[in-house]
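A predicted structure for the sequence below; I have some questions about it.
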Amino acid sequence: MNGEKKILLTKKSTYGIISIVFVCVVAFFLFLSNLIQSNQTTRLNSSKAPQARAAIVDHLSLSYPNPAFVKECTAILNETGFTVDYYKGEEVTVELFRNLPQHSYDLIVLRVHSAYVHKRRFLDIFTSEPYSKKRYVYEQLRDRIRAAAYQPYRDGDPLYFGITSKFVQASMKGKFKDTLILMMGCNGLKYDMAQAFLEKGARVYIGWNGPVTAPYTDKATISLLKNLLTKRKTIEEAVTGTMKEIGWEPGYESLLLFLPSSTGNYAFFANGKIAKLAVRKDQVSRITPGVEPPEMSKRHPDMPLIGKVSDDVAIPEEIERRWKAIVIKVTYKDAGDTKKYTIDLKSKFAIPGSKLKIHVENFLPDLSMSPKGITSPSNETRNPAARVIIYDDEEAVFRGWLFKFYPEVHPFKHPRYSIILDDYIPAPL
């Protein structure tokens with residue numbers, strides 16, 4: 001009997017241990033299943049609402065610090081769904097710019113010094129790195145990096161590395177991912193820098209067409225961010241609204257503009273990504289001869305209608321005497337061919353092989369716009385533009401400015417031909 005009881009107890013103990021182990025195993029697998037499901041749910045939720053990312057590159061903090069601007073700018077971005085990376089002046093180096101596309105920012109605020117070099121038609125964006133001929137030699141030889149100095153420059157003043165559009169195109173690593181670039185520095189929209197960022201993957205580039213002061217550009221940037229992010233306005237509405245709110249730059253009458261002009265209908269959605277809202281049809285496809293539609297008459301070349309710019313063209317006598325003709329380049333889309341034609345100012349020209357005629361009204365080597373009108377402050381070819389009327393089968397279909405350095409801005413549109421300003425010819429002395 002005792003032996004039988006011992007065997008019975010041993011069997012009961014074994015069954016008990018097995019039961020406990022079984023319960024533990026079941027409990028562990030249930031816990032593991034819940035953990036995996038929870039992680040999957042988290043990943044799904046995060047994929048539904050990705051966090052938008054922004055960067056403030058504050059090179060000006062070295063010379064024009066504005067903590068209030070940084071605080072308000074960051075607050076606007078945070079409140080509208082952005083995480084913000086802030087780079088103070090000392091961190092604004094060549095390597096920072098080199099790696100900027102790899103951070104996948106949705107919006108980048110460039111609070112930087114920039115210098116426009118008229119003779120070479122370069123815009124340099126400053127870094128905080130002291131210049132040396134022995135560093136970045138390869139890129140210096142290829143005009144990707146240059147020596148930059150604050151103006152007015154005096155012998156012995158420090159030099160810094162500055163990046164050019166060629167650096168953006170060839171030395172930046174990776175591509176921007178539909179990023180909005182807000183360039184706060186002087187002459188941000190001059191010539192090549194905007195195009196370089198767009199070719200590198202930026203979706204929209206907003207900047208100034210002339211010099212600006214630090215307090216003014218700070219004020220304008222806060223207004224723009226509120227219009228664009230807080231009020232969820234389109235690019236065109238935000239830029240236009242900002243100019244109406246803060247007025248012209250008092251010292252230089254510079255304008256806030258955006259490129260490409262086709263992105264006027266773009267806006268930020270809740271997750272910060274830029275997306276096209278709608279395609280707005282052109283308001284005017286044909287015009288009455290001799291009559292200029294209002295949306296063509298008061299626009300800056302890159303700027304939506306703001307209602308403050310006079311369409312009067314005032315050409316100083318010394319500038320009018322200096323120029324004789326322009327050269328246009330016509331692309332025949334059906335044949336895939338291009339031809340160049342020289343046309344005297346104030347004359348009409350029938351474009352061979354088409355029903356098009358072009359009347360060249362004016363040429364300005366340095367087109368500038370202000371509330372006083374359109375003029376050229378110098379004979380330097382800083383922003384060459386020709387004002388033309390184009391007729392199709394004797395009907396005027398275009399009247400506006402053709403820009404040498406901005407051919408994509410308000411271009412002449414035709415299914416079979418394109419016409420751009422290719423060159424300009426001075427009058428004999």
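Sure, I can see it.

In which helix or strand does Asp157 reside?
Assigned by DSSP states H and E, Asp157 belongs to no helix or strand.

Please name the nearest non-neighbouring residue to it.
Sequence neighbours aside, Ala149 is the residue nearest to Asp157 in space, at 5.9 Å (criterion: CB to CB, 6 or more residues apart in numbering). All C-beta atoms are positioned from the backbone trio N, CA, C, and that covers glycine.

contacting residues around the one you found?
115, 157-160 (CB atoms under 8 Å, 6 or more residues apart in numbering).

again, 10 Å this time
Counting by CB atoms under 10 Å, 6 or more residues apart in numbering, Ala149 makes contact with 115, 124, 126, 131, 157-160, 162.

between those residues, which is nearest Val70?
Within these, proximity to Val70 (CB to CB) peaks at Phe126, which comes in at 18.1 Å.

Mind listing the residues bridging to the closest one?
The partner list for Phe126 in beta bridges (DSSP bridges) reads Gly162.

and it, what pLDDT?
You'll see Phe126 listed with a pLDDT of 93.

ok, now Asn209?
With respect to pLDDT, Asn209 has a value of 83.

and it, what are its phi and psi?
Phi and psi for Asn209, reported as degrees, to the nearest 10, are phi -90, psi 10.

Can you get me a residue count around it?
Neighbourhood size, Asn209 [other CB atoms under 10 Å]: 25.

Spell out which residues sit in contact with the residue lying closest to Pro384 once chain neighbours are set aside, please.
Excluding the flanking residues, the one nearest Pro384 by CB to CB, 6+ apart is Lys404, at 4.3 Å. Lys404 makes contacts with 191, 326-327, 365, 367, 381, 383-386, 420-424, as judged by CB under 10 Å, 6+ apart.

And the pLDDT at Lys404?
87.

With Thr164 instead?
Reading off the model, Thr164 has pLDDT 92.

picking up where we left off before, buried only: go through the contacts of Ala149 for me.
Among these, those that count as buried by neighbour count (16 or more other CB atoms under 10 Å) are 115, 124, 126, 131, 160, 162.

Go ahead and confirm the last one touches Val94.
Read it as Gly162. Yes - using CB atoms under 10 Å, Gly162 is in contact with Val94, at 9.3 Å.

Overlap of the contact sets of these two?
Counting by CB under 10 Å, 6+ apart, the common neighbours of Gly162 and Val94 are 127, 129, 145.

Pick the one among these closest to Tyr86.
Among these, Thr127 lies closest to Tyr86 (CB to CB), at 16.5 Å.

That closest one: neighbouring residues, count only.
Thr127 has 24 nearby residues by other CB under 10 Å.

Let me see the contact set for it.
So Thr127 contacts 59, 89, 91-97, 112-113, 145, 148, 160-163 (CB under 10 Å, 6+ apart).

Kindly recompute the last result at 6 Å.
Counting by CB atoms under 6 Å, 6 or more residues apart in numbering, Thr127 touches 92-94, 160-161.

of these, buried ones?
With burial judged by 16+ other CB under 10 Å, the buried subset of the contacts of Thr127 is 92, 94, 160-161.

I'd guessed Lys88 sits against Ser61; true?
Yes - Lys88 lies in contact with Ser61 (CB atoms under 6 Å); the separation is 5.2 Å.

Looking only at neighbour counts, state which of the two leads.
Between Lys88 and Ser61, counted using other CB under 10 Å, the more crowded position is Ser61 (22 against 15).

quick check, that one in a helix?
Yes - checked against DSSP: H, G, I helix; E, B strand; the rest coil, Ser61 lies within a helix.

Contacts only, for the residue lying closest to it once chain neighbours are set aside.
In space, and not counting its chain neighbours, Ser61 is closest to Gly89: 4.2 Å by CB to CB, 6+ apart. When contacts are counted by CB under 6 Å, 6+ apart, Gly89 is found next to 59, 61-62, 128.
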